[in-house]
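**Q** Take this sequence and fold it.
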Amino acid sequence: MKFAPFLRCLAGAVLVFHAVSGSAEPSAVPQFKDYPADAPYTGPNKPLLLDSEFARLYRTRLREAIAQGKPDFAGRYIVTRWGCGSGGCNVGAVVDASTGRATPMPGALMSVYPLKPQFEKEDGQELIYRKSSRLLVQAGDTDNANSSGTDVVEFYEFSNGKFNFIKSMPYGRAASTRP
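**A** Reported below is the predicted structural model:
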């Protein structure tokens, strides 16, 4: 799998951190298999519902995603991202292909620093997801309520049309500078 090395490296980093910090048990890293999606949607993509300010504001980007995309997250959702006007920043949404309803991502990624140099050129390294799972993983300097403004890996479960925060773990520069 394309991102399996990323999660293995993250799990290894967590084990090392806990060994150095004296913690007896490392925190479990959420796994895609623990958040299974419903059966994949195979019908035609529905038109965008303009039922929220978010959908109306980003209707062009969201309509493009519906026109060009296929479900690639949580069984029936199309993931789409775009820049937010400054280098290294991106925002996005998931669009339910079966209804056309858009949900914004849990926050903007302000900058992204690879977990390991070998992942630097890997596309999508900062946003990891599966069609077969409701788990979304964001890595970088995030701009949301769960962020401390440093490099983190954040885990979210997508259910009932919203992203539910599971946990956050330091990585990159943040993990290497912790006491």
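
**Q** what separates W82 from I66, distance-wise?
**A** Distance, W82 to I66, using C-beta to C-beta, to the nearest Å: 14 Å. Quick note: C-beta positions are derived from backbone N, CA and C, even for glycine.

**Q** For the two, work out which one has more neighbours and name it.
**A** Neighbour count, other C-beta atoms under 10 Å: between W82 and I66, I66 has more, with 19 against 16.

**Q** Low-confidence ranges, the protein, go.
**A** The chain contains residues with pLDDT under 70 at 1-27, 86-88, 110-125, 141-150, 171-179.

**Q** Could I get the full set of helices for it?
**A** Under the criterion DSSP state H, the chain carries helices at the ranges 4-21, 53-57, 59-68, 173-176.

**Q** CA-only coordinates of the third one in CSV, if you can.
**A** What follows is helix 59-68 as a C-alpha-only set of coordinates in CSV (Å, rounded to 0.1, in the frame of the first residue of the first chain):
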residue,chain,number,x,y,z
ARG,A,59,-19.2,25.8,-5.8
THR,A,60,-16.8,26.0,-8.8
ARG,A,61,-14.1,23.9,-7.1
LEU,A,62,-16.7,21.5,-5.7
ARG,A,63,-18.5,21.1,-9.1
GLU,A,64,-15.2,20.4,-10.8
ALA,A,65,-14.5,17.6,-8.2
ILE,A,66,-17.9,16.1,-8.9
ALA,A,67,-17.5,16.3,-12.7
GLN,A,68,-14.0,14.8,-12.7
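
**Q** hmm, who's touching that helix?
**A** Counting contacts by C-beta atoms under 8 Å, 6 or more residues apart in numbering, the residues outside helix 59-68 that touch it are 45-48, 50, 55, 78-80, 82, 93, 95, 97, 100, 102.

**Q** Nearest to K167 among these?
**A** Nearest to K167, judged by C-beta to C-beta, of these is V79 at 20.9 Å.

**Q** thought that closest one was touching K131?
**A** No - between V79 and K131 there is no contact, the gap being 9.8 Å when judged by C-beta atoms under 8 Å.

**Q** who touches both of these two?
**A** When contacts are counted by C-beta under 8 Å, 6+ apart, V79 and K131 have D72, F73 as shared neighbours.
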